[in-house]
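Q: How does the following fold in three dimensions:
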Amino acid sequence: MIRLAREDDLALVCRTAMRAFIDDPVMRWLIPDDDEYEQVYPSLFGGMFRRWTQDQTLWVTDELVAFGGWERPGRPEVDLGEDIEYLPGEKVDHPADRFERFVAIRETLAAVAPEEEHWYLNLLGTHPDWQRRGLGRTLMAKGFVLADEAGVPCYLETETVANVAYYRHHGFEVSREWDLPLEGPHMWGMLRPA
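A: This next block holds a predicted model:
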């Protein structure tokens, strides 16, 4: 069953994401060291997962083995409050070169995002042991319903040829391509029409 995530789900969802993206080109560009990856991952996505949970746009499976994090049209900021508790490992002082890559990816993704209103599929992941069971399709459907009701497209970025084919199968088409600066990976922006 698919449901909205709760605050007490976040540590396990973050662990699922860490496993789902262990070979992801962008993740390994940001954190190339295998030993550091597990330690640093919560600092990359803990706040994002918390924001989606507060905005009720993070869907999960009951077992927390798959998730889909969406952002509403306009990508509004969500107030997390001052008294948030951090996930273990979420507060990390990143080295300067990693921080430079964070800035590069943030600026690049902002520059290539569609100008038209859209639902943004920011992150979709399934634990490797649970892949190929239709969980991603079911999680995407939650956002598709909201986008279709609003009459707006859906948008995402991906960085593998296999993912381009996967998302095409679910109605997305490539809208643009680019290489991330600082020797970053090649990426595709994909749009699912309204």
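Q: And the pLDDT at residue 176?
A: pLDDT recorded at residue 176 is 97.
Q: is it true that it lies in a strand?
A: Yes: counting by DSSP: H, G, I helix; E, B strand; the rest coil, residue 176 is part of a strand.
Q: is it true that it touches residue 112?
A: Yes: using C-beta atoms under 8 Å, residue 176 is in contact with residue 112, at 5.9 Å. For every residue, glycine as well, the C-beta is placed using N, CA and C.
Q: Give me the more crowded residue out of those two.
A: Using other C-beta atoms under 10 Å, the more surrounded residue of residue 176 and residue 112 is residue 112, with 16 against 13.
Q: hey, what's in contact with both of residue 176 and residue 112?
A: Common neighbours of residue 176 and residue 112, using C-beta atoms under 8 Å, 6 or more residues apart in numbering, are residue 189.
Q: Give the buried residues for the helix or strand hosting residue 48.
A: Assigned by DSSP states H and E, residue 48 belongs to helix 34-54. Buried residues in helix 34-54, defined by neighbour count with 16 or more other C-beta atoms under 10 Å: 37, 40-54.
Q: now stretch 112-130
A: Residues of stretch 112-130 classed as buried: 112, 117-127, 130 (neighbour count, 16+ other C-beta under 10 Å).
Q: Now the lowest-mean-pLDDT helix or strand in the chain - C-alpha only, CSV.
A: Here the helix or strand of the chain ranked lowest by mean pLDDT, DSSP states H and E is helix 34-54, holding a mean of 84. The C-alpha coordinates for helix 34-54 follow below in CSV (Å, rounded to 0.1, in the frame of the first residue of the first chain):
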residue,chain,number,x,y,z
ASP,A,34,32.5,4.4,-0.7
ASP,A,35,33.3,4.6,3.0
GLU,A,36,32.0,8.2,3.2
TYR,A,37,28.8,7.6,1.2
GLU,A,38,26.8,6.0,4.0
GLN,A,39,27.9,8.6,6.5
VAL,A,40,27.2,11.6,4.4
TYR,A,41,24.0,10.6,2.6
PRO,A,42,21.6,11.8,5.3
SER,A,43,23.1,15.3,5.2
LEU,A,44,22.2,15.5,1.5
PHE,A,45,18.6,14.4,1.7
GLY,A,46,17.3,14.5,5.2
GLY,A,47,16.1,18.1,4.9
MET,A,48,14.5,17.4,1.5
PHE,A,49,12.6,14.4,2.9
ARG,A,50,11.5,16.4,5.9
ARG,A,51,10.2,19.2,3.6
TRP,A,52,8.2,16.8,1.4
THR,A,53,6.7,15.2,4.6
GLN,A,54,5.6,18.6,5.9
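Q: Let's see the helix or strand just after it as CSV, backbone CA atoms only.
A: Following helix 34-54 in sequence order, the next helix or strand is strand 58-61 (DSSP H and E). Output of strand 58-61 as CSV, limited to C-alpha atoms (Å, rounded to 0.1, in the frame of the first residue of the first chain):
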residue,chain,number,x,y,z
LEU,A,58,6.4,12.3,0.0
TRP,A,59,4.7,9.0,-0.7
VAL,A,60,6.1,5.8,0.6
THR,A,61,5.3,2.1,0.7
